[in-house]
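Asks: take this sequence and fold it.
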Amino acid sequence: MTSAHHAPFGQRTPTATTVKHWPLVATLFVLLAVPGIPALLMILLILFHSLMPADLLLLVNPAYLQTPLPILLHGLSGVVFFLAIPLQFSLGLRQRFPRWHRQSGRIGVCSAVLMTASGIWMHHFLTPADLGMRYVGLWLLSLAIIGCFLQAFYQARHQRFAAHQRWMYRGVAAVLATVSGLLLEVFVALTLGQFDALQPALTQWQHDYARLTALGMNMLLLEVYLRRKSAPV
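Replies: Below is the predicted model of the structure:
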């Protein structure tokens with residue numbers, strides 16, 4: 001059976017095939033809300049800190065208020081990404097509003113690039129002395145995100161829509177490494193955190209390698225999914 005994922009933008013497909021994509025869209029909104037909603041709240045706290053109660057300002061790192069530009073750029077681009085990217089995976093919206101799909105996709109790709117670049121800027125601003133494996137992991141994650149979304153844009157420009165979609169999946173999986181990294185840290189803490197002898201090693205792993213581990217795990221699981229999806233039925 002031919003999947004509706006690979007149908008041309010203007011081609012109609014059965015309603016049932018269109019509807020089944022909404023669980024994916026909703027799941028992406030939920031997962032991206034984990035960093036997206038705190039980013040939005042942080043933006044509001046920074047922009048309107050003079051109007052905020054003192055108790056709320058305790059949630060804000062004082063350095064954010066002294067040099068807010070990198071934090072605002074990272075937060076705003078992250079919120080735009082959170083709002084734009086999940087809807088790229090709606091087949092119904094893509095078919096009915098192809099021009100909107102293309103324009104919002106370009107906005108989403110630009111927001112991904114700004115989000116990752118400003119994330120590196122934030123690292124240099126907030127923790128300039130931390131240039132070890134955590135910093136290397138940040139660069140590798142950033143290059144993975146930017147590379148995947150630029151490849152997605154390139155494939156769309158050449159009307160290779162199946163390849164475009166696969167690279168979009170990879171880009172989102174790379175971004176979600178920040179979320180799966182948190183889940184992985186919680187899992188490790190619940191399963192191994194009870195052993196005091198492991199605490200120093202776990203703390204070091206969490207600081208240096210949790211982000212890279214989550215990135216590798218996400219990309220591996222996605223490639224398995226894409227291979228199974230493309231296998232003949």
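Asks: gap between stretch 93-108 and the chain center?
Replies: The chain centroid and the centroid of stretch 93-108 are separated by 19 Å, computed with Cα atoms, centre = their mean, to the nearest Å.
Asks: cool, stretch 44-61 as well?
Replies: Per Cα atoms, centre = their mean, the centroid offset for stretch 44-61 relative to its chain is 26 Å.
Asks: also stretch 190-198?
Replies: In terms of Cα atoms, centre = their mean, the centre of stretch 190-198 is found 29 Å from the chain centre.
Asks: list the buried ones in that stretch?
Replies: Residues of stretch 190-198 include none that count as buried (16 or more other Cβ atoms under 10 Å). (Glycine included, C-beta is placed from N, CA and C.)
Asks: quick one: terminal-to-terminal distance for it?
Replies: 13 Å (Cα to Cα, to the nearest Å).
Asks: stretch 49-59 now?
Replies: 11 Å.
Asks: ok, now how distant is the residue nearest the centre of the chain from Lys229?
Replies: Nearest to the geometric centre of the chain sits Val175, at 2.6 Å (Cα atoms, centre = their mean). Separation of Val175 from Lys229 (Cβ to Cβ, to the nearest Å): 20 Å.
Asks: low-confidence ranges in this protein?
Replies: 1-20, 231-233 (pLDDT under 70).
Asks: related to what we said a few turns ago, find the residue closest to the residue nearest to the centre of the chain in space, skipping its chain neighbours.
Replies: Ile145 (5.7 Å; Cβ to Cβ, 6 or more residues apart in numbering).
Asks: identify the residue spatially nearest to Leu192, adjacent ones excluded.
Replies: Leu198 (5.4 Å).
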